[in-house]
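Here is the input, now give the coordinates:
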Amino acid sequence: MSHSASPPPGAAPMNATWADVFRGGVVAWGVFVGLMLIAFAIAGIVADAVARADGVSVMSSLSVLPLALVYTAFIGGTASFLVTMLGLPVAWLVARSLRHDTSIARHVMVYALLGAAVGCLALAVTAAFSGSLVDVFFSAAAPVTILICATSVVAGWWRASRRIRAELEPGDPRSPIEFSEG
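Below you'll find the model as predicted:
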């Protein structure tokens with residue numbers, strides 16, 4: 001089946017279905033949970049190494065890391081799943097607003113900004129519960145949280161746009177990579 005190099009006039013070349021957006025949301029959630037657990041494990045390992053270097057003789061934090069990861073996966077996974085489900089309508093509206101935009105780079109940028117906004121919102125909620133906006137937003141975890149959220153949403157978009165990108169041919173202006181024939 002041959003596709004034209006560019007969509008017909010008036011067509012929505014980047015039109016995602018609700019099913020595409022839902023699958024993208026599930027992927028974004030899974031990527032977020034995976035990255036969150038990796039970041040938490042690294043933080044635990046670094047904290048343990050710092051405590052050992054300072055000569056602190058408490059029970060190793062590495063001994064409780066597996067339990068802490070399970071707890072984090074349960075609490076963080078549940079909370080992030082709820083955020084993902086509540087955010088799907090927003091992702092759908094973003095997808096609808098970008099359906100005529102053929103720039104892959106612009107789609108990635110918009111979805112990364114959406115993810116970063118979700119990360120900032122998560123930090124704001126954390127700050128509201130902890131009572132310290134400065135401590136939360138200026139902690140070492142803040143940029144990691146924002147980066148993980150942005151990366152997760154872009155990964156979700158990448159999955160959601162998979163069907164559309166599969167139809168791209170070399171030379172299609174929507175192609176994220178310039179292909180040369182010859």
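
Distance check, residue 143 against residue 15.
Separation of residue 143 from residue 15 (C-beta to C-beta, to the nearest Å): 34 Å. Where you see a C-beta, it was placed from the backbone N, CA and C, and this is true even at glycine.

residues of stretch 25-42 that come out buried?
Buried residues in stretch 25-42, defined by neighbour count with 16 or more other C-beta atoms under 10 Å: 25-33, 35-37, 39-41.

next one: stretch 118-131
In stretch 118-131, counting by 16+ other C-beta under 10 Å, buried: 118, 119, 122, 123, 126, 127.

and what of stretch 100-108?
Buried residues in stretch 100-108 (16+ other C-beta under 10 Å): 102, 104, 107, 108.

ditto for stretch 17-24
Neighbour-count burial for stretch 17-24 [16+ other C-beta under 10 Å]: 20, 21, 22, 23, 24.

quick one: contacts for the first one?
So the one you mean is residue 20. By C-beta atoms under 8 Å, 6 or more residues apart in numbering, the contact list for residue 20 reads 95, 160, 161, 162, 163, 164.

Now the residue nearest the centre of the chain. Nearest residue, chain neighbours left out?
By C-alpha atoms, centre = their mean, the chain has its centre lying nearest to residue 152, at 1.4 Å. Spatially, and ignoring its direct neighbours in sequence, residue 152 is nearest to residue 32 (3.8 Å; C-beta to C-beta, 6 or more residues apart in numbering).

so is the one you found in a helix, a strand, or just coil?
Following DSSP: H, G, I helix; E, B strand; the rest coil, residue 32 is assigned to helix.

before we move on, what about residue 100?
Going by three-state DSSP, the secondary structure assigned to residue 100 is coil.

residue contacts, residue 155?
27, 28, 31.

C-alpha coordinates for the host helix or strand of it, CSV please?
Taking DSSP states H and E as the definition, residue 155 sits inside helix 141-160. Output of helix 141-160 as CSV, limited to C-alpha atoms (Å, rounded to 0.1, in the frame of the first residue of the first chain):
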residue,chain,number,x,y,z
ALA,A,141,14.4,15.7,43.9
ALA,A,142,12.5,18.6,42.2
PRO,A,143,14.4,18.6,38.8
VAL,A,144,14.5,14.7,38.9
THR,A,145,10.7,14.7,39.4
ILE,A,146,10.1,17.2,36.6
LEU,A,147,12.5,15.3,34.2
ILE,A,148,10.9,11.9,35.0
CYS,A,149,7.4,13.3,34.4
ALA,A,150,8.4,15.0,31.1
THR,A,151,10.2,11.9,29.9
SER,A,152,7.2,9.7,30.8
VAL,A,153,4.7,11.9,28.9
VAL,A,154,6.9,12.0,25.8
ALA,A,155,7.3,8.2,25.9
GLY,A,156,3.5,8.0,26.1
TRP,A,157,3.1,10.3,23.2
TRP,A,158,5.7,8.2,21.2
ARG,A,159,3.5,5.2,21.8
ALA,A,160,0.2,7.0,21.1
